[in-house]
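Q: Give the three-dimensional model of this entry:
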Amino acid sequence: MPADELRGPALYEALMALKPPTLTEYEWAEKAGLNRGWFNDIKKAPDASPRTSNINKALAAIGLSLGDLYGHGPRGEAAPIATPFNPGELPRDVPVLGTAAGAELELEADGKPLNIEKTLVESEPVAYVRRPPAIERNRRIYALYITGASMEQRFRPGDLVYVDPRRAPHVGEDVIVQLIGEARADADPAEVISVLVKQLVRTTATHYELTQHNPPLTFRIAKAKVAEIHRIIPLAELLS
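A: Below you'll find the predicted structure:
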């Protein structure tokens, strides 16, 4: 606590926390060369702010200093040192919706067919990864492993990304686009979601405009084909 905030009874209590048990208030004051009622005067006046030189005298008489009064605990005990951050102690409770396979989504742009890389994702967790402190309270966050190379150099195959389904993505952010009616032939459609991992360029009343990096391609997909669009959390935000 700064010195200019420690006055009157608060200052008295802080001093008493440092007082040796073998001394009374009066004995301490006399030992410091102060008036016998010096401590009592501080206690009685709400805004009492004695001279720093006298506070130093009182503390020096018991082998302490202002640093012990304002920066540390009783009897000059150093404040606890913060425990170093250990990633291994973070809870491992963020579900990973494991990537099942890669595939292609067929679209048309300007009358020309396009094959867009997509990913099939399990609806049930296949593993759990650690939860960074920045997302401690958001229990809806999930994680995915990137497959394919369409977002290189932004994401590489095997990269882990954390996804926030609560916060709507903004233009320029990386997104997970969940598609409607896209599932493996050998799986229950309710159990598998087909997704695109892309960057959001623009939103219109009827379409999402998306882009990928490898090869560079910007395309549109009708909102009628999209179940949900979720935001990939940037690494800097996860570590903040």
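Q: Distance-wise, check Pro21 relative to Glu27.
A: With distances taken as Cβ to Cβ, to the nearest Å, Pro21 is found 12 Å from Glu27. Yep, even glycine has a C-beta here, placed from its N, CA and C like the rest.
Q: and those two? which has more neighbours close in?
A: Shown here are Pro21 and Glu27; by other Cβ atoms under 10 Å, Glu27 has more neighbours (14 against 5).
Q: I'd guess that one is in a helix, am I close?
A: Yes - under DSSP: H, G, I helix; E, B strand; the rest coil, Glu27 sits within a helix.
Q: Just the pLDDT at it, thanks.
A: Reported pLDDT at Glu27 in the predicted model: 92.
Q: Please shift the residue numbers so they start at 59 in all later answers.
A: Understood, numbering begins at 59; the last thing we discussed is Glu85.
Q: Helices along this protein, start to end?
A: 66-76, 83-89, 96-102, 110-118, 124-129, 293-296 (DSSP state H).
Q: Any buried residues in the first one, and which?
A: Residues of helix 66-76 classed as buried under the neighbour-count rule (16 or more other Cβ atoms under 10 Å) are Gly66, Leu69, Tyr70, Leu73, Leu76.
Q: ok so, going back, export the helices of the chain as JSON lines, with columns for distance to Pro215.
A: Listed next are the helices of the chain as JSON lines, based on distance: least, Cβ to Cβ, whole Å:
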{"stretch": "helix 66-76", "distance to Pro215": "60"}
{"stretch": "helix 83-89", "distance to Pro215": "71"}
{"stretch": "helix 96-102", "distance to Pro215": "69"}
{"stretch": "helix 110-118", "distance to Pro215": "64"}
{"stretch": "helix 124-129", "distance to Pro215": "52"}
{"stretch": "helix 293-296", "distance to Pro215": "17"}
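Q: which residue sits closest to Ala167, ignoring its sequence neighbours?
A: In this structure, Ala167 finds its nearest non-sequential neighbour in Phe277, 5.5 Å apart by Cβ to Cβ, 6 or more residues apart in numbering.
Q: swap that for Ser123, sorry
A: Nearest non-adjacent residue to Ser123, counting by Cβ to Cβ, 6+ apart: Leu117, 5.6 Å away.
Q: And for Leu293, the neighbour number?
A: By other Cβ under 10 Å, neighbour count at Leu293 equals 11.
Q: cool, Arg188 as well?
A: 13.
Q: what's the distance between it and Leu218?
A: For Arg188 relative to Leu218 (Cβ to Cβ), the value is 10 Å.
Q: and what of Val154?
A: Applying Cβ to Cβ to Val154 and Leu218 gives a distance of 8 Å.
Q: quick one: which of the two has more around it?
A: Each of Val154 and Leu218 has its neighbours counted (other Cβ under 10 Å); Val154 has more, 18 against 12.
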